[in-house]
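Novice: build the 3D model from these lines:
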Amino acid sequence: MSQHTVVLLLGSNLGNKKKNLEHALEKIKENGNQILKISEFLITKPVEFASSNIFCNIATIISTNLSPIQLLNFVKKIEIEMGRVNDSKIYDGYHDRIIDIDIVKYNELLFLSERLEIPHKKHLFERDFSRLLLKDFI
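Specialist: Numbers count the residues shown, from 1 in each chain. Down below sits the predicted model:
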């Protein structure tokens, strides 16, 4: 199976945020995925919704043999296992969350489906915190 280089963004604004991110990274390593690079943690205010809970965010580059949809299913499973109940695509809006894992880039692939858009345009072009995290990754 061929390996693919993928950029992910992770965020948490509930509970022990840094520990949530570290736990998610450990779970990402399952299934033969390899963590190649991790950014520093970045503390940010919520974007596109109001909350008094600040976020802790990181970016990571992984190597995976999963297809884009397989990877999406895998990270959504991690979110559910960690206790996330409000997926923004399903509930049509953003909410506080214990973990959020977004696929930002997958090789140089351009991909669009109802569930997934690669590259993730909001993170690449609209969100200042994302551009800051990704500056050394893209």
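Novice: and residue 110, what does it touch?
Specialist: 118, 119 (CB atoms under 8 Å, 6 or more residues apart in numbering). C-beta here means a position set from N, CA and C on the backbone, and glycine is covered the same way.
Novice: repeat that with 10 Å
Specialist: By CB atoms under 10 Å, 6 or more residues apart in numbering, residue 110 lies in contact with 117, 118, 119.
Novice: in this protein, which spans are helices?
Specialist: 17-28, 68-81, 88-91, 121, 128-134 (DSSP state H).
Novice: about what we covered before: can you redo the contacts of residue 110 as a markdown table with distance to residue 36, pLDDT and neighbour count?
Specialist: Shown next, in a markdown table, are those (distance: CB to CB, whole Å; pLDDT from 0 to 100; neighbours: other CB atoms under 10 Å):
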| residue | distance to residue 36 | pLDDT | neighbour count |
| --- | --- | --- | --- |
| 117 | 23 | 90 | 13 |
| 118 | 18 | 89 | 21 |
| 119 | 18 | 86 | 18 |
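Novice: which of the helices of the chain has the lowest average pLDDT?
Specialist: Lowest mean pLDDT of the helices of the chain: helix 88-91, a mean of 50.
Novice: ok, the closest residue in space to residue 33 that isn't next to it in sequence - contacts?
Specialist: The shortest distance from residue 33 to any non-neighbouring residue, by CB to CB, 6 or more residues apart in numbering, is to residue 64 (4.6 Å). Neighbouring residues of residue 64 by CB under 10 Å, 6+ apart: 1, 3-6, 8, 28, 31-34, 70-71, 74, 106.
Novice: and the furthest pair within these?
Specialist: With CB to CB as the measure, no two of the contacts of residue 64 lie farther apart than 1 and 8, at 19.2 Å.
Novice: those two: who's more crowded?
Specialist: The residue with more neighbours, out of residue 1 and residue 8, is residue 8; 27 against 8, by other CB atoms under 10 Å.
Novice: quick check: closest non-adjacent residue to that one.
Specialist: Nearest one to residue 8, counting by CB to CB, 6+ apart, is residue 60 at 5.2 Å.
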